[in-house]
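Student: Show me how the following folds:
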Amino acid sequence: MNKFDPHKHHRRSIRLSGWDYRSPGYYFVTFCTHERQNLFENLDFRDIAVHALARIPEQQHARHIVVDESVVMPNHGHVVFDFRAFPIQADMTKSMGNFENALAGSLGVVVGRYKTAVTTRINNLRQSPGAKVWQRGYYERIIRNERELEATRQYIINNPARWAEDKDNLDALLAKMTYHR
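Tutor: Here you go, the predicted model:
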């Protein structure tokens, strides 16, 4: 058995080094369900996820954020967050408890709290406390210009139409297969 070596056995951050993820700008985020399960085919679960996204700007830690564009698909979701100027207060420069190394109002805290809220509500509904809803982490991209922003918005808008071709859409894959006896 190999001993744990922190230089070999750790998750490397794909976050932009030195970037303050509370900074004004547009952020494209993708989050996926645990084991790419089509959890959000269940309309009650999808409604929970959609409603929680819409409520993000109402939260104390996220009042500087606008949900610019979003979609919740059967096994993942995409959102463009528009971060406005962040009102730094003395107590908001602290780390956010469970969200290790994350500052209040940062992208990591916003995504973490969203995923926690959705997980809690879904698990309450299906009476499965502690069951995983999400993959660990999320994918993000800092949107750098207007052209990229428009392309990202269009990608999100078109995502439902492309679901039929998605490699994780088992129903579409099975429909393309031919049964041989």
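
Student: in the protein, which spans are strands?
Tutor: 25-32, 65-72, 76-83, 95-96, 99-103, 139-143 (DSSP state E).

Student: Residue 115: which of those is closest?
Tutor: In terms of Cβ to Cβ, the element of those nearest to residue 115 is strand 25-32, at 6.5 Å. All C-beta atoms are positioned from the backbone trio N, CA, C, and that covers glycine.

Student: Can you spell out which helices and strands pack onto that closest one?
Tutor: strand 76-83, helix 107-125, strand 139-143, helix 146-162 (3 or more Cβ pairs under 8 Å, 6 or more residues apart in numbering; DSSP states H and E).

Student: Point out the most buried one among these.
Tutor: Mean neighbour count, computed with mean count of other Cβ atoms under 10 Å, is highest for strand 76-83 among the helices and strands packed on strand 25-32, reaching a mean of 22.

Student: Please compute how far it lies from its chain's middle.
Tutor: 7 Å (Cα atoms, centre = their mean, to the nearest Å).

Student: The strands of the chain: lowest mean pLDDT?
Tutor: Per-stretch mean pLDDT for those is lowest at strand 95-96 (a mean of 47).

Student: which residues sit in contact with the spatially most central residue of the chain?
Tutor: With distances taken as Cα atoms, centre = their mean, residue 31 lies nearest the centre of the chain, 3.2 Å away. Neighbouring residues of residue 31 by Cβ atoms under 8 Å, 6 or more residues apart in numbering: 76-77, 111, 114-115, 134-135, 138-139.

Student: could these go into JSON lines alongside distance to residue 164?
Tutor: Listed next are the contacts of residue 31 as JSON lines, based on distance: Cβ to Cβ, whole Å:
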{"residue": "76", "distance to residue 164": "15"}
{"residue": "77", "distance to residue 164": "18"}
{"residue": "111", "distance to residue 164": "28"}
{"residue": "114", "distance to residue 164": "27"}
{"residue": "115", "distance to residue 164": "27"}
{"residue": "134", "distance to residue 164": "24"}
{"residue": "135", "distance to residue 164": "23"}
{"residue": "138", "distance to residue 164": "25"}
{"residue": "139", "distance to residue 164": "22"}
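
Student: What is the least confident helix or strand in this protein?
Tutor: strand 95-96 (a mean of 47; mean pLDDT, DSSP states H and E).

Student: ok so, going back, now the helices and strands packed on strand 25-32 in a markdown table, with distance to residue 56?
Tutor: Shown next, in a markdown table, are those (distance: least, Cβ to Cβ, whole Å):
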| stretch | distance to residue 56 |
| --- | --- |
| strand 76-83 | 8 |
| helix 107-125 | 6 |
| strand 139-143 | 15 |
| helix 146-162 | 16 |
